[in-house]
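Colleague: this is a predicted model, with the sequence first.
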Amino acid sequence: MTHRQPQRLWDNFIVIYVDLYVSSIINVNEKAQSISTQIKLIIAWGDLKFRWNSWSDYCGIDTVVFPKNVFWTPDIGIVESIKTEFGTKESPYVQLRDSGFLLTYDVLALTTTCKMDLYRFPFDTQICSITLQSSAYLKKDLIIRPLSDAVAATFASRESFEAQGEWELLNIDISKAQATIYWNTLDQLIYQITIKRRPLLYFFNIILPVFFFIVLDVASFFIDTSGSDKLCFKVTLLLSVSVLLLILNDTLPSTADKIPLIGVYCTGIFSLIGLSILETIFVNCLMAKGAESRSLVETTAAVTGCDDSVRDLQSPPDSVKDQNEIQRCLYWIRVARIIDVTFLVIYILTIIVFLSVLVKVWVQ
């Protein structure tokens, strides 16, 4: 069946009125840079030949429902759409008002592209656009206008918002634009949806554990250096941070223009713990050198103690040599302790400065 183009309410073009409400945010895919939402789309247009006086002609009937295939309907599409499905099923009806306006109501499940800035993840706010445009009619033939203003669209969307998930709807802005395709100008209506992430999950699962790792690393400086437990403990902390870095790698896109601050945070903590491991290895080497000198002194004393006559004859020289070895042993131990304490002070100051600057930039 062919449909006649509607008799225009204006002389030169058809005006299509659109209302768009966001009822839920189903999924936000940072890797794919896409967002899945459920929206309610209302499209209205006028046709003069369908106007009537509801009170004088039809006993107060002001609204009639007809099958959609009886009327001409505008081809309004979504530019950013990757996948569009009807929330339940496509409505087969059109609502006709006595003013000559026809309305369609559709609930759509949309997956649209959205360029995301993840620099402040998980304390980020994203702006995703839904652009409505006709694919067949030029701007001189068809113009799209909003049925409600941005304040009303935001209020209605918040009232109908169903899912309280990871994302919070802040506001909806409406703007006009036009697209030029092969020297043909098409009219556009853009809905900019601003959403904010709820960071609580990421704070307790990633940020807080990594902070505890660096606190434990500072506490590990008070473990006895003579054993190998301190080094094993630090290596375990380093491996734990690396696991969280792998989790972040699966969440964040690799094509980001700027490195997300959470990546800087985890990598910085990873580097600090790695540096403290190198310092621990160096201090252990110095302590081992001092222990080796002490062991040599004890071995010499045991050998000379086997023969009293020999010990008496060589007592003064060996005594001087033992004293030198003891002094050397104490020297290396003293150097190791000074390095350990100095590094601890610098390490704590570095952590404080690093976290202070990061938090100031991150949560501003």
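Modeller: Thanks, I have it.
Colleague: tell me the predicted confidence for Tyr21.
Modeller: What the model reports for Tyr21 is a pLDDT of 93.
Colleague: surely it is in a strand?
Modeller: Yes: assigned with DSSP: H, G, I helix; E, B strand; the rest coil, Tyr21 falls within a strand.
Colleague: so who does it touch?
Modeller: Contact analysis of Tyr21 by CB atoms under 8 Å, 6 or more residues apart in numbering lists 39-40, 153, 156-157, 160. The way it works is simple: take the backbone N, C-alpha and C, and place the C-beta from them, glycine included.
Colleague: flag whichever of these scores worst on pLDDT.
Modeller: Lowest confidence among the contacts of Tyr21: Ser160, with 83.
Colleague: what is the burial count for the closest residue to that residue other than its chain neighbours?
Modeller: Excluding the flanking residues, the one nearest Ser160 by CB to CB, 6 or more residues apart in numbering is Ser23, at 4.9 Å. As a burial measure, Ser23 scores 20 neighbours (other CB atoms under 10 Å).
Colleague: isn't Ser23 right up against Leu108?
Modeller: No: using CB atoms under 8 Å, Ser23 is not in contact with Leu108; the gap is 9.9 Å.
Colleague: what touches both of those two?
Modeller: Shared contacts of Ser23 and Leu108, defined by CB under 8 Å, 6+ apart, comprise 38-40.
Colleague: among the residues you listed, which one is most surrounded by other residues?
Modeller: Ile39 (23 neighbours).
Colleague: can you spell out which helices and strands pack onto the host helix or strand of that one?
Modeller: Assigned by DSSP states H and E, Ile39 belongs to strand 34-46. In this structure, strand 34-46 makes packing contacts with strand 14-29, strand 101-113, strand 125-134, judged by 3 or more CB pairs under 8 Å, 6 or more residues apart in numbering; DSSP states H and E.
Colleague: same thing but 6 Å
Modeller: strand 14-29, strand 101-113 (3 or more CB pairs under 6 Å, 6 or more residues apart in numbering; DSSP states H and E).
Colleague: which ones are touching the closest residue to Leu118 other than its chain neighbours?
Modeller: Excluding its sequence neighbours, the residue lying closest to Leu118 (CB to CB, 6+ apart) is Pro260, at 4.9 Å. Counting by CB atoms under 6 Å, 6 or more residues apart in numbering, Pro260 touches 118-119, 121, 252.
Colleague: same thing but 10 Å
Modeller: 30, 117-122, 124, 248, 251-253, 266, 362 (CB atoms under 10 Å, 6 or more residues apart in numbering).
Colleague: least confident pick among those residues?
Modeller: Minimum confidence in the contacts of Pro260 sits at Pro253, scoring 73.
Colleague: what is the burial count for it?
Modeller: For Pro253, using other CB under 10 Å, the count is 13.
Colleague: please tell me how far it sits from Lys115.
Modeller: Separation of Pro253 from Lys115 (CB to CB, to the nearest Å): 10 Å.
Colleague: cool, Ile143 as well?
Modeller: For Ile143, the distance to Lys115 - CB to CB - is 27 Å.
Colleague: mind listing what Met116 touches?
Modeller: Contacts of Met116 by CB under 10 Å, 6+ apart are 28-30, 33-35, 124, 126-128, 252-253, 256.
Colleague: helix or strand: which one has Lys212?
Modeller: One thing to correct before we go on: residue 212 is Phe, not Lys. Here Phe212 sits within helix 208-219, counting by DSSP H and E.
Colleague: actually Leu349, not the one I wrote
Modeller: Here Leu349 is assigned to helix 308-362, by DSSP H and E.
Colleague: the inter-axis angle of the strand holding Ile39 versus strand 101-113?
Modeller: 160 degrees (axes from the mean of the first three to the mean of the last three CA atoms, to 10 degrees).
Colleague: my guess is Asn284 meets Lys230, correct?
Modeller: Yes: between Asn284 and Lys230 there is a contact under CB atoms under 10 Å: 8.1 Å.
Colleague: low pLDDT regions in this structure?
Modeller: 1-12, 88, 163-164, 225-228, 255-256, 290-326 (pLDDT under 70).
Colleague: outline the domain layout of it.
Modeller: What automatic domain parsing lists as the domains of the chain is 14-198, 202-362.
Colleague: settle it for me: which of Ile143 and Lys115 has more neighbours?
Modeller: Ile143 (19 against 11).
Colleague: return the set of buried residues in the helix or strand containing that one.
Modeller: Counting by DSSP H and E, the element that carries Ile143 is strand 142-146. By neighbour count with 16 or more other CB atoms under 10 Å, strand 142-146 contains the buried residues 142-144, 146.
Colleague: now distance to Thr185 too, for the residues you listed, in a markdown table please.
Modeller: As requested, those are exported to a markdown table (distance: CB to CB, whole Å):
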| residue | distance to Thr185 |
| --- | --- |
| Leu142 | 11 |
| Ile143 | 11 |
| Ile144 | 13 |
| Pro146 | 19 |
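Colleague: mind picking the two most distant members of those?
Modeller: Leu142 and Pro146 (14.9 Å; CB to CB).
Colleague: hmm, Asp62 and Arg51 touching each other?
Modeller: No: counting by CB under 10 Å, Arg51 stays clear of Asp62, with 11.2 Å between them.
Colleague: common neighbours of these two, please.
Modeller: Listed as contacting both Arg51 and Asp62 by CB under 10 Å, 6+ apart are 96-99.
Colleague: could you identify the buried members of these?
Modeller: The neighbour count (16+ other CB under 10 Å) marks 96-98 as buried among the shared contacts of Arg51 and Asp62.
Colleague: in strands only, show me the residues you listed.
Modeller: Per DSSP state E, strands hold the following members of the buried ones among the shared contacts of Arg51 and Asp62: 96-97.
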